[in-house]
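[1] Sequence unavailable; structure follows:
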């Protein structure tokens, strides 16, 4: 125990000093739910709250990854350090997140000012939001100036994860079908900035008009009228404008109520995960067997577990 | 308390007797997390395990809703009763799920053998899987012969929800872009039956060949080679074949291990929700404020809550 605690102190110090390998190790602790992660993040917590956290979400095929890469480039050109967290629950079985990491890493891998991590699933429902919060705290505490959190804006969790950022960018493309529009409906209300990507395609102006007419109807409680930016991320077009729009929103300052709300949601998620860690996997397996065979009903199993915890 | 318990008994009896209004009321209890739901489901639990539960998932735009409607029609033509649960987390803010319900209801609304419910989010991360389990138990206990659980197969939760059915149908369409293919990669492994919908579009045979070559590489532990069915759901084509493929897989019987695994996952989800119900919302709000203002770190707040529970 004593040795472990000495090692942790030293890891936090290394991370603050900018040691990329120490940071990668801590990120793996978070992914693997190692108890050491909690001690480390506790130590780093007083240093958090400084990074600009951008949530980037949107339908599949909108070009989110390209936009994120370009935003990272633009921030680096200003001398800012950048952390990228790609929440990638769409490849739970195929290891796609890891592959994605490698492809992304290639262009930035020699740059110590960029840290990229894909968050894959753990093979369980949920848990991704809590892990993303911890990863964000890690990079924030490590001193990164900006953190880009990219999620596929379709599932409920992924939309929520993006919404918990300082600024939420919703990426759209012209000419998507009706069903995709329906998905967009779910993420319309969370956008602080709309990015119309691939704006060289037909229909970009039409989409912008539709968004504007939507915005004249949808009034936000905080009085902010979301910005709309046209971009062609693959050519680097509209990136400066996107950053400017994000910063304009951020510069208004987040209300204390909103900041507290965000932490309340995060804490709720973290609590759920903590509790699950308390019951051994064998308990779940045994309970599952009993219920599947109708020897017990699910609620009496749950009651017993709750008494045990 | 006594009155309440009499009312519950009577509601369960009404539900078993096929009272659609009683069923709708119980479904609303589940959605609103009313404690009465637990008592009711406990009572119904011995009657569960009889329905055929089909999970239908796939990328946005694949035509899942049309397929579900046609499957419901086909089952009704056989004289089977059908419950439809549409998991719709993509419209968390716009009430889209409710609208969807109304549109769907129109064609079946005069048929007491069909019960349709859309599950919208509760404004919190997670929780949808547990609520879907309970809704499935309700319809199963109510005596529906088949339950169709439709989810958008992109988010982690939605994929998992579909995977917990007796048979999982993955719906695809020819000619979707690369990014959408990447999403498919996440749901490839969970398909017991692949439905190539909109098979009158160019590329249906090509997609089938791709799936076949994928399947020659991906061997399942249970020895099942997933069926591939071409369909044009909007014209009712391929529906009989889809049902036949689903039943062929189902008739093999689910292994006891798989059944127990499924219940273990469900119980885990239900436990998470139960625990969150124990802390009042005001606690979360107060904790959120303290952490947002950096007066406390998240882990000491969590520790206090865990001690309290």
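    Structure's in. What do you need? All values derive from a computational prediction rather than experimental measurement.

[2] part of a strand, is residue A:215?
    No - membership of residue A:215 in a strand is not supported by DSSP: H, G, I helix; E, B strand; the rest coil, which gives helix.

[3] pretty sure it is touching residue A:224, no?
    No - between residue A:215 and residue A:224 there is no contact under CB atoms under 8 Å: 10.3 Å. To be clear about C-beta, it is placed using only N, CA and C from the backbone, and glycine gets the same treatment.

[4] So the two - more neighbours on which side?
    Remark: of residue A:215 and residue A:224, residue A:215 carries more neighbours, 17 against 13, as counted by other CB atoms under 10 Å in any protein chain shown.

[5] Tell me which residues touch that one, please.
    A:225-226, A:228 (CB atoms under 8 Å, 6 or more residues apart in numbering or on different chains).

[6] what does residue A:226 give?
    A:191-194, A:215, A:220.

[7] just the angle between the lengthiest helix in chain A and helix B:256-278, please?
    Longest helix in chain A, counting residues (DSSP state H): helix A:256-278. Interaxial angle, helix A:256-278 versus helix B:256-278 (axes from the mean of the first three to the mean of the last three CA atoms, to 10 degrees): 140 degrees.

[8] which residues make contact with helix A:256-278 from outside it?
    A:33, A:126-127, A:129-131, A:133-134, A:160, A:164, A:222, A:309, B:124-126, B:268, B:271-272, B:275-276, B:279, B:284-285, B:287-289, B:291-293, B:298, B:301-302, B:305-306, B:309.

[9] And stretch A:240-248, by the same measure?
    Contacts for stretch A:240-248 (CB under 8 Å, 6+ apart): A:52, A:54, A:67, A:71, A:74-75, A:167, A:169, A:192-193, A:195, A:227, A:229, A:231.

[10] so which of these comes closest to residue A:28?
    residue A:54 (23.9 Å; CB to CB).

[11] Secondary structure element holding that closest one?
    strand A:52-58 (DSSP states H and E).

[12] So what touches that strand?
    A:64, A:67-68, A:71, A:136, A:140, A:145-153, A:158-159, A:161-172, A:187, A:190, A:195, A:197, A:246-247, A:250.

[13] Of those residues, select the buried ones using a ChimeraX command.
    Only the buried entries of the contacts of strand A:52-58 go into this ChimeraX selection, using 16 or more other CB atoms under 10 Å in any protein chain shown:
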select /A:64,67,68,71,136,140,145,146,147,148,149,150,151,152,153,158,159,161,162,163,164,165,166,167,168,169,170,171,172,187,190,195,197,246,250
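
[14] so of the contacts of strand A:52-58, which ones are in helices?
    Filtering these for helices - DSSP H - leaves A:64, A:67-68, A:71, A:136, A:140, A:158-159, A:161-163, A:187, A:246-247, A:250.

[15] What is the nearest of those residues to residue B:13?
    Closest approach between the ones in helices among the contacts of strand A:52-58 and residue B:13, by CB to CB: residue A:159, at 40.2 Å.

[16] Hmm, the closest one is touching residue A:188, no?
    No - in this structure, residue A:159 is not within contact of residue A:188 by CB under 8 Å, at 10.6 Å.

[17] lowest-pLDDT helix or strand in chain A?
    helix A:96-108 (a mean of 50; mean pLDDT, DSSP states H and E).

[18] in which helix or strand would I find residue A:138?
    helix A:128-141.

[19] could you check whether that helix is close to chain B?
    Yes - residues of helix A:128-141 contacting chain B under CB under 8 Å from any CB of the partner chain: A:128-129, A:137.

[20] tell me which residues in that helix are buried?
    Going by 16+ other CB under 10 Å, helix A:128-141 has these buried residues: A:128-141.

[21] any chance of these in JSON lines, plus pLDDT?
    Shown next, in JSON lines, are the buried residues of helix A:128-141 (pLDDT from 0 to 100):
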{"residue": "A:128", "pLDDT": "78"}
{"residue": "A:129", "pLDDT": "81"}
{"residue": "A:130", "pLDDT": "85"}
{"residue": "A:131", "pLDDT": "88"}
{"residue": "A:132", "pLDDT": "91"}
{"residue": "A:133", "pLDDT": "92"}
{"residue": "A:134", "pLDDT": "93"}
{"residue": "A:135", "pLDDT": "95"}
{"residue": "A:136", "pLDDT": "96"}
{"residue": "A:137", "pLDDT": "95"}
{"residue": "A:138", "pLDDT": "97"}
{"residue": "A:139", "pLDDT": "97"}
{"residue": "A:140", "pLDDT": "96"}
{"residue": "A:141", "pLDDT": "96"}
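
[22] Quick check, residue A:146 in contact with residue A:85.
    No - using CB under 8 Å, residue A:146 is not in contact with residue A:85; the gap is 11.5 Å.

[23] Okay, domains of chain A per the record?
    Domain segmentation of chain A under automatic domain parsing yields A:1-47, A:49-258, A:279-308.

[24] ok, now how distant is residue A:140 from residue A:16?
    Going from residue A:140 to residue A:16 by CB to CB, to the nearest Å gives 12 Å.

[25] if I look at these two, which residues touch both of them?
    Common neighbours of residue A:140 and residue A:16 (CB under 8 Å, 6+ apart) are A:44, A:47.

[26] okay, and for chain A, where does confidence drop off?
    Judged against pLDDT under 70, the low-scoring parts of chain A cover residues A:1-9, A:88-109, A:120-126, A:153-158, A:176-186.

[27] who touches the spatially most central residue of it in this structure?
    Centroid-nearest residue in chain A, with CA atoms, centre = their mean: residue A:149, separated by 3.9 Å. With contact set as CB under 8 Å, 6+ apart, residue A:149 has these partners: A:53-56, A:85, A:87, A:132, A:136, A:161-162, A:165.

[28] One more: residue A:228?
    Applying CB under 8 Å, 6+ apart, the residues near residue A:228 are A:193-194, A:196, A:208, A:211-212, A:215.

[29] ok, 10 Å please
    Counting by CB atoms under 10 Å, 6 or more residues apart in numbering or on different chains, residue A:228 touches A:172, A:191, A:193-196, A:207-209, A:211-212, A:215, A:241, A:245.

[30] ok, what's across the strand from it?
    residue A:194 (DSSP bridges).

[31] Looking at the contacts of stretch A:240-248, which is nearest residue B:40?
    Among the contacts of stretch A:240-248, residue A:192 lies closest to residue B:40 (CB to CB), at 42.3 Å.

[32] And that closest one, how far from residue A:169?
    7 Å.

[33] residues shared between the contacts of those two?
    Contacts common to residue A:192 and residue A:169, judged by CB under 10 Å, 6+ apart, are A:54-55, A:226-227, A:245-246, A:249.

[34] moving C-terminal of the least confident helix or strand of chain A, what's the next helix or strand?
    The helix or strand immediately downstream of helix A:96-108 is strand A:114-119, counting by DSSP H and E.

[35] I'd like to know which elements that following strand is packed against.
    In terms of contacts (3 or more CB pairs under 10 Å, 6 or more residues apart in numbering or on different chains; DSSP states H and E), strand A:114-119 is packed against helix A:20-31, helix A:64-77, strand A:82-87, helix A:96-108, helix A:128-141, strand A:146-152.

[36] now the last one: how far from the chain's centre is it?
    Relative to its chain's centre, strand A:146-152 lies at 5 Å (CA atoms, centre = their mean, to the nearest Å).
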